[in-house]
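Undergrad: model this:
(chains A and B)
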Amino acid sequence: MNDQIALSFKKVSFYHDKGKALHDVSLDIHKKQTTVVLGPNGAGKSIFLKLCHGLLKPTTGQIVSQKNYNQSAMVFPKPTLLRRTVLKNITYILDIMEYPKNEQEPKALEALKSISMDQFAHVQAKKLSSGEKQRLSLIRAQLLNPNILYLDEPTANLDPKATAFLENMIIKSSENHLTIVMATHDLMQAKRIAEQIIYIENGEVIETSNAGDFFKNPKSDKARNFIEGRL
Amino acid sequence: MSSGKENRKIMTENSNILIQSLYLIASFNDDLMEIIGLSLYVSLSALTLAALIGFPLGSMLATKKFFGSTLLNVIINAFMGLPPVVVGLFVYMLLSRNGPLGVLGLLYSSEAMIIAQTILIFPILAALSRQVIEEMNREYGEFFNSLRLGATQRIKTLLWESRISLLTVLLAGFGRAIAEVGAVMIVGGNIEHSTRTMTTSIQMEIGKGNLELAMALGIILLIISLSINMLMQFIKSHYLKIQEGYRDE
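TA: Numbers count the residues shown, from 1 in each chain, chains lettered A, B, ... in the order given. Predicted coordinates for the structure are as follows:
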């Protein structure tokens, strides 16, 4: 496998109770790039991400990851927070990462400060607003030190201000050369964030290309229709 | 006319019994305190043992499908309604001199009562905790999978996340244990200063016509039962609300 490739799909299909969810996908995810999986609702974006992250196993085909590049983390559309304080939600992750006990709290506070949430350290996490919850989910995922970060429509339920904050966090991670794979159906968001685009429709990968080319000159009619809002 | 007098006499007698029983409680009568102390010791010990068995079992059934898990679920659900006398009989046969555990010489001891109550309430703890943890696992399952958590850490986290609900499960188990009479009577024998609990004592004192002590114990049992229910209600309405948040859910 090419050194620049983080993950490779080889003729991957996935079927669930309702039938075909993803069909005969072969593509590569590039290292240190932000790849946006774009497509309408129900296209198979979440399933694609879950296959990447290993939460689902392909029905046929295989997914090969680069050696020493299999540490991944995922942020879900609906933040899953533990029933404890914001600080404890982070120290829980640091505990999994086997951080020394006495370093966990300072590290957690530092992480919270970086997302302007240190004033919420001792608030019950479930009391946060949706935007704050998703910020917490994202920083928690980043603290897992992943090689690849999967983001499944992380701004789906957020207002524009919260969306902008989260996008800035994502762009900052991307600038730090983290490999990011993000699913969204928001065309404008894809334009703001993506370096690579994977366009999926009805469980089929219609197009993969770099973001500039995709938006300027899509190769397929389906992608063109989606971009022009004619879906 | 005479019937009216009789009614008044009965009412006066009952009032006297009530006053006497309240006096027994207020004066911290030694016999009464000993019986209450033993009842609490037996029921709290049984509760601890039942929780140590029931919660891990409930967690395992909630998070894992394995060979026989459906059957085990059915058995535990059925055992939630076990008649105490049947449990008493079972433990009696187990601990009697000719029984498999007869050599331990535990029959008619507080340990025998603890064993009986543990058997009686652990299915309740296991079944209710399974429901609580199953629901929690539905919420967190994918998150745990994404963290690649092992089974032990997953169960530990689920138990901690369910702690408030599990506390109400514990209280339900304790309520069942403390109010139980059939099993402890059979395996404890209601021996004075040794295995006499509140419920067995009430039964005996009524038989002897000593209604003051029976009434006093009844009042204490009622207070314990009411306190448990009030505590459960408080926990549900206060702590669960705090934990679950309120701003956007």
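
Undergrad: Going by C-alpha atoms from here, please, whenever you check contacts or count neighbours.
TA: Will do.

Undergrad: Can you tell me the SS state at A:R135?
TA: Here A:R135 is recorded as helix under DSSP: H, G, I helix; E, B strand; the rest coil.

Undergrad: Tell me, how many residues neighbour the nearest residue to it once chain neighbours are set aside?
TA: In this structure, A:R135 finds its nearest non-sequential neighbour in A:L166, 6.4 Å apart by Cα to Cα, 6 or more residues apart in numbering or on different chains. Look at A:L166: counted by other Cα atoms under 10 Å in any protein chain shown, it has 22 neighbours.

Undergrad: same thing with the one 10 residues further on?
TA: As a burial measure, A:N176 scores 10 neighbours (other Cα under 10 Å).

Undergrad: Over to A:D3?
TA: Neighbour count for A:D3, taken as other Cα under 10 Å: 9.

Undergrad: Is it correct that it falls within a helix?
TA: No - counting by three-state DSSP, A:D3 is not found in a helix; it is coil.

Undergrad: Which residue, other than its chain neighbours, is closest to it?
TA: Excluding the flanking residues, the one nearest A:D3 by Cα to Cα, 6+ apart is A:Q66, at 7.7 Å.

Undergrad: do the same with B:L170
TA: In space, B:L170 is closest to B:L125, 6.9 Å off (Cα to Cα, 6+ apart).

Undergrad: Can you say which helix or strand has that neighbour in it?
TA: Taking DSSP states H and E as the definition, B:L125 sits inside helix B:110-147.

Undergrad: residue of chain A with the smallest distance to chain B?
TA: A:K127 (4.0 Å; Cα to the nearest Cα).

Undergrad: Residue 129: neighbouring residues, count only.
TA: Let's take chain A. 17.

Undergrad: The intended chain is chain B.
TA: Residues contacting B:S129 under the criterion other Cα under 10 Å number 29.

Undergrad: quick one: pLDDT of residue 29?
TA: Using chain A. Per-residue pLDDT puts A:I29 at 95.

Undergrad: I was thinking of chain B, sorry if that wasn't clear
TA: B:N29 is assigned a pLDDT of 86 by the prediction.

Undergrad: Next, count neighbours for it.
TA: Counted with other Cα under 10 Å, B:N29 comes out at 12.

Undergrad: same thing with A:P58?
TA: 20.

Undergrad: nearest residue to it other than its sequence neighbours?
TA: Closest to A:P58 by Cα to Cα, 6+ apart is A:F14, at 5.2 Å.

Undergrad: Off-centre distance for the helix or strand hosting that neighbour?
TA: Element membership for A:F14 (DSSP H and E) is strand A:5-16. Relative to its chain's centre, strand A:5-16 lies at 16 Å (Cα atoms, centre = their mean, to the nearest Å).

Undergrad: now do stretch B:211-227
TA: 16 Å.

Undergrad: And the helices in chain A, which stretches?
TA: A:45-53, A:86-96, A:101-114, A:130-142, A:160-175, A:187-193, A:211-216, A:221-227 (DSSP state H).

Undergrad: Point out the other helices and strands that the shortest one packs with.
TA: Contact analysis of helix A:211-216 by 3 or more Cα pairs under 8 Å, 6 or more residues apart in numbering or on different chains; DSSP states H and E lists strand A:196-201 as its packing neighbours.

Undergrad: mind exporting the strand it packs on as CSV, just the C-alpha atoms?
TA: Extracted C-alpha coordinates of strand A:196-201, given in CSV (Å, rounded to 0.1, in the frame of the first residue of the first chain):
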residue,chain,number,x,y,z
GLN,A,196,-10.9,15.5,-0.9
ILE,A,197,-14.5,14.7,-1.7
ILE,A,198,-16.2,11.3,-1.8
TYR,A,199,-19.7,11.7,-3.3
ILE,A,200,-22.1,8.9,-2.3
GLU,A,201,-25.7,8.4,-3.5
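
Undergrad: do stretch A:84-99 and chain B meet at all?
TA: Yes - contact between stretch A:84-99 and chain B, assessed by Cα under 8 Å from any Cα of the partner chain, occurs at A:R84.
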